[in-house]
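A.B. asks: Test case, fold it:
(2 chains, ligands or ions: 2)
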Amino acid sequence: MRYLSQRLLQFSIVFFIVTFGVMVLMRLGLNAPGDPARTMLGGTVSQEMIDQISKQYHLNSNLIVQYWYWLKGIVWSQDFGYSVQQNISVATYMRPKILVTFFLGIYALTWGLIIAVPIAVYQAYKRDSNFDKAGNFFSFFFISVPALVFSPFIIYVFVMKLGWFPRIGEKIYPWDNFGEHFRNFFLPVVVLSLPTAAVFVRLLRADMIATLQSDFITLARAKGVSPQRTLWSHALRNSLFSVLTSVGVQIGSLVGGALVVEQYFNMKGMGFLLISTILSKDLFVVQSLSAILVASVVFANLGIDLLYTVIDPRIRHARALV
Amino acid sequence: MSTEDNSAFLEVVNIKTHFETPRGVVRAVDDVSFSLTRGRSLGIVGESGSGKTILVRSIMGLLPKRGTLREGAVMYRGENLINKTPAEMRGTWGREMAMIFQDPMTSLNPLMKVGKQIAEPLMSHLGMEKATAWATAEKLLHDVHIAEAQRRLSQYPHELSGGMRQRVMIAIALACGPSILFADEPTTALDVTVQAQILELINEQRRQRNMSLLLVTHDLGVVAGNTDEIAVMYGGKLVEKAPTKTLFAEMKMPYTHALLESIPKLNHAAHTRLATISGRPPDLVHPPKGCRFAPRCHFARDRCHSEEPPLTAGKSPDHVYACFYPVGSAEYSERKVEISRS
Ligand SMILES: Nc1ncnc2c1ncn2[C@@H]1O[C@H](COP(=O)(O)OP(=O)(O)OP(=O)(O)O)[C@@H](O)[C@H]1O
Ligand SMILES: [Mg+2]
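C.D. replies: Ligands and ions are numbered 1, 2, ... in the order given. Alright, predicted model coming up:
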């Protein structure tokens, strides 16, 4: 219990620092009364309009008060504010974009793991074989070459030359048309998941090699346990910790990667939204997006932390004590 | 069992295990031969690094693949195991030959329940159902005198004491009723008080199950009351071997003698690894030319440094040793007098 409250406290602090920080940054130079509202509304608007918006969202109060009202809106009534520019609520505006990035991230992470685990396990098992060498080469390659570099290449080959995949980034949900959804997401997910998988392969291979040398693996062999069981049931589970930790780290960089990939593949996701709203100074949208980003990264890491306790009884018992 | 030709139960013939390393070839086990009959026990004694663990693993075929060269013959029930692949050895591992490891802290899988670790070989070798295997595991825990066996089964290794973990290791080893038990320093990592209990347990189970036992240790005191025969290893070689009584009564190698002197006495606080033999163990990449112990031996003469003493029988044919000037020889006594004068 103390463990959980500790983590929640950590989460609140990080959340506050980031969201309040974004608020402060976005308002730099907007010191005069009415400035924030004028910026948000953009173009030429009447003073009345500015006054009304300023009053409605307490934009002329000090930042702490503004922050309080904003947070209260989210927590009490799931109200993320209003995008004056788009003339819709921020929640409605964000939802489809968030879903696009959410799918991108989940698919990339899942595929990264699905690709990486068997490769790394087999590489470690057949260390120094040609398979291992090829695995090392490709993982090194995909770690060194960022999505930035091979996205255009992939688009050129598969979209422009072969025409296998569309280059429109229309968000199509799996529940609407799964085939189209798949076709739309395939290339961006490939681009995002390969470097992710490469990192997982490196970490897991190294851990597996170390684990395979431990006494309890020799004991498993000495018991006559099959090599497959020794690998998958004894060694893999004991080698998952670095990969798990890096999933937490990767979630942050996946969001960054998604930002780039969304631009290339013309997908209207969070990255796209973040960039366009930062440029147009749609204050509430930027603030809410960053809140959601922080919350999802932090919660994902919380989930990973809980996974440690699922995998390792020693951690489970140590935590039960505090 | 009674129809079996006892003399050929386990025969290790000229086994050599070398490791290729960047520094050169490490001759960890160099030309070792011995045999073991059913139900008998052999102690293997030697300093740290003398190749005891590697010898045991060479016999079982449980060595790392990379850069390992193994030759010689391991005859088990008339069959040579040396050229068998791991896949072919699987039926032997755990079923015919079982092993207890040196360090109970690192030898059990930390993420797997004790019950499952014991049940695993039962299911894979004896084809037991899960429930039967767990019930058998519980019985095995009783056999190794673990109280509250039922509860222990669903615990993880970190919840058990060192002595209890070693008992679990023994239970795992006994699970499929092996005919040979290899115990690699089973008590080195344990408290003195627990050591005796574990040795007693191993011996009790050996008698009950008519197993052969190969007990590895660096402490002559451990094998003294626990094995029928003792083999002494130095620098990867077998240098003296005799029935336990004979060895203690008339040990021939000055090295064996030095090992005896290094047995921890009761008034010593530390109970492991007393390095009372002066000098360092030999470099196994470039071993000394003659007798490997010569550079550290107070009784070595010129011949010892240039010529390797062969393993020869003494008074009785079952006592063999590799020494030109053994304890009790004229040269030995002469040197002894010189030493005591200076
Ligand atoms: N994989 C390996 N590669 C190279 N050298 C090795 C390898 N494994 C063991 N050795 C060397 O072989 C020698 C014998 O090692 P071994 O583990 O058999 O000693 P030991 O008698 O069991 O000692 P201890 O009492 O410390 O357990 C040592 O010098 C060790 O450094
Ligand atoms: Mg050893």
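A.B. asks: which SS class is the closest residue to B:Arg335 other than its chain neighbours?
C.D. replies: Distances taken as C-beta to C-beta, 6 or more residues apart in numbering or on different chains put B:Phe299 closest to B:Arg335, at 4.9 Å, once the chain neighbours are dropped. The way it works is simple: take the backbone N, C-alpha and C, and place the C-beta from them, glycine included. What DSSP: H, G, I helix; E, B strand; the rest coil gives for B:Phe299 is coil.
A.B. asks: List phi and psi for the residue in the stretch 101-250 of chain A positioned nearest to ligand 1.
C.D. replies: Nearest residue of the stretch 101-250 of chain A to ligand 1: A:Gln213, at 9.3 Å (C-beta to the nearest ligand atom). Main-chain dihedrals, A:Gln213, degrees, to the nearest 10: phi -90, psi 0.
A.B. asks: Leaving out chain neighbours, which residue sits closest to it?
C.D. replies: B:Pro64 (7.5 Å).
A.B. asks: What of A:Gly135?
C.D. replies: Going by C-beta to C-beta, 6+ apart, A:Gly135 has A:Gln123 as its nearest residue, at 4.4 Å.
A.B. asks: ok, now which ones touch that neighbour?
C.D. replies: Contact analysis of A:Gln123 by C-beta atoms under 8 Å, 6 or more residues apart in numbering or on different chains lists A:Phe131, A:Asp132, A:Gly135, A:Asn136, A:Val201, A:Arg205, A:Met208.
A.B. asks: Can you tell me which of those are classed as buried?
C.D. replies: A:Asp132, A:Gly135, A:Val201, A:Arg205, A:Met208 (16 or more other C-beta atoms under 10 Å in any protein chain shown).
A.B. asks: what does chain A have sitting close to chain B?
C.D. replies: Chain A comes close to chain B at residues A:127-128, A:213-216, A:218-227, A:229, A:234, A:237-238, A:311-314, A:317, as judged by C-beta under 8 Å from any C-beta of the partner chain.
A.B. asks: Can you classify the residue nearest to A:Gln213 by secondary structure?
C.D. replies: Once three-state DSSP is applied, B:Pro64 turns out coil.
A.B. asks: Other residues contacting whatever helix or strand B:Ala242 lives in?
C.D. replies: Per DSSP states H and E, B:Ala242 falls inside strand B:237-243. Residues outside strand B:237-243 that contact it (C-beta under 8 Å, 6+ apart): B:30-34, B:228-233, B:247, B:251-253, B:255-256, B:292-293, B:311, B:316, B:318-323.
A.B. asks: Any of these buried? List them.
C.D. replies: Buried positions within the contacts of strand B:237-243, assessed by neighbour count (16+ other C-beta under 10 Å), are B:30, B:32, B:34, B:228-233, B:247, B:251-253, B:255-256, B:292-293, B:311, B:319-323.
A.B. asks: Strands - which of those land there?
C.D. replies: Among the buried ones among the contacts of strand B:237-243, the members found in strands (DSSP state E) are B:Asp30, B:Val32, B:Phe34, B:Glu229, B:Ile230, B:Ala231, B:Val232, B:Met233, B:Val320, B:Tyr321.
A.B. asks: Which members of the residues you listed are the farthest-apart pair?
C.D. replies: Longest distance between any two of these is 20.6 Å, between B:Asp30 and B:Glu229; criterion C-beta to C-beta.
A.B. asks: In chain A, which residue sits nearest chain B?
C.D. replies: A:Gly224 (3.6 Å; C-beta to the nearest C-beta).
A.B. asks: Surely that residue is in contact with B:Gly94?
C.D. replies: Yes. Between A:Gly224 and B:Gly94 there is a contact at 3.6 Å, judged by C-beta atoms under 8 Å.
A.B. asks: Overlap in contacts, the two.
C.D. replies: B:Pro121, B:Ser124, B:His125, B:Cys176.
A.B. asks: and the gap between the nearest residue to B:Arg296 once chain neighbours are set aside and ligand 1?
C.D. replies: Closest residue to B:Arg296 apart from its sequence neighbours, by C-beta to C-beta, 6+ apart: B:Gly279 at 3.6 Å. Distance, B:Gly279 to ligand 1, by C-beta to the nearest ligand atom, to the nearest Å: 15 Å.
A.B. asks: and if you look at B:Met89?
C.D. replies: Distance, B:Met89 to ligand 1, using C-beta to the nearest ligand atom: 19 Å.
A.B. asks: What are the boundaries of the strands in the stretch 1-150 of chain B?
C.D. replies: Remark: strands assigned in the stretch 1-150 of chain B by DSSP state E, counting those that start in this stretch are B:10-21, B:24-36, B:41-45, B:68-76, B:79-80, B:97-100.
A.B. asks: Return the most buried member of these.
C.D. replies: Among the strands of the stretch 1-150 of chain B, ranked by average contacts under mean count of other C-beta atoms under 10 Å in any protein chain shown, first place goes to strand B:97-100 (a mean of 28).
A.B. asks: mean confidence score for that strand?
C.D. replies: Computed over strand B:97-100, the mean pLDDT rounds to 96.
A.B. asks: and the helix or strand harbouring B:Gln205, what does it pack onto?
C.D. replies: In the assignment (DSSP H and E), B:Gln205 maps to helix B:192-209. Applying 3 or more C-beta pairs under 8 Å, 6 or more residues apart in numbering or on different chains; DSSP states H and E, we find helix B:192-209 packed against helix B:162-174, strand B:180-184, strand B:212-217.
A.B. asks: For residue 115, which non-adjacent residue is closest in space?
C.D. replies: Defaulting to chain A. Nearest to A:Ile115 is A:Ala197, by C-beta to C-beta, 6+ apart, at 4.2 Å.
A.B. asks: Oops, wrong one, chain B.
C.D. replies: B:Leu153 (3.3 Å).
A.B. asks: count of neighbours near the one you found?
C.D. replies: By other C-beta atoms under 10 Å in any protein chain shown, the residues close to B:Leu153 number 22.
A.B. asks: Thought B:Glu138 was touching it, still the case?
C.D. replies: Yes. Contact criterion C-beta under 8 Å: B:Leu153 and B:Glu138 qualify, at 5.9 Å.
A.B. asks: Could you tell me which residues touch both of those two?
C.D. replies: Shared contacts of B:Leu153 and B:Glu138 (C-beta under 8 Å, 6+ apart): B:Gly115.
A.B. asks: List the buried residues in stretch A:157-166.
C.D. replies: For stretch A:157-166, by 16+ other C-beta under 10 Å, it's A:Phe158, A:Val159, A:Phe165, A:Pro166.
A.B. asks: what's near enough to touch the last one?
C.D. replies: Residues near A:Pro166 by C-beta under 8 Å, 6+ apart: A:Val159, A:Arg183, A:Asn184.
A.B. asks: does it count as helix, strand or coil?
C.D. replies: Classification of A:Pro166 by three-state DSSP places it in coil.
A.B. asks: Please flag which of the contacts of A:Gln123 sit within helices.
C.D. replies: A:Phe131, A:Asp132, A:Gly135, A:Asn136, A:Val201, A:Arg205, A:Met208 (DSSP state H).
A.B. asks: Cheers, nothing more for now.
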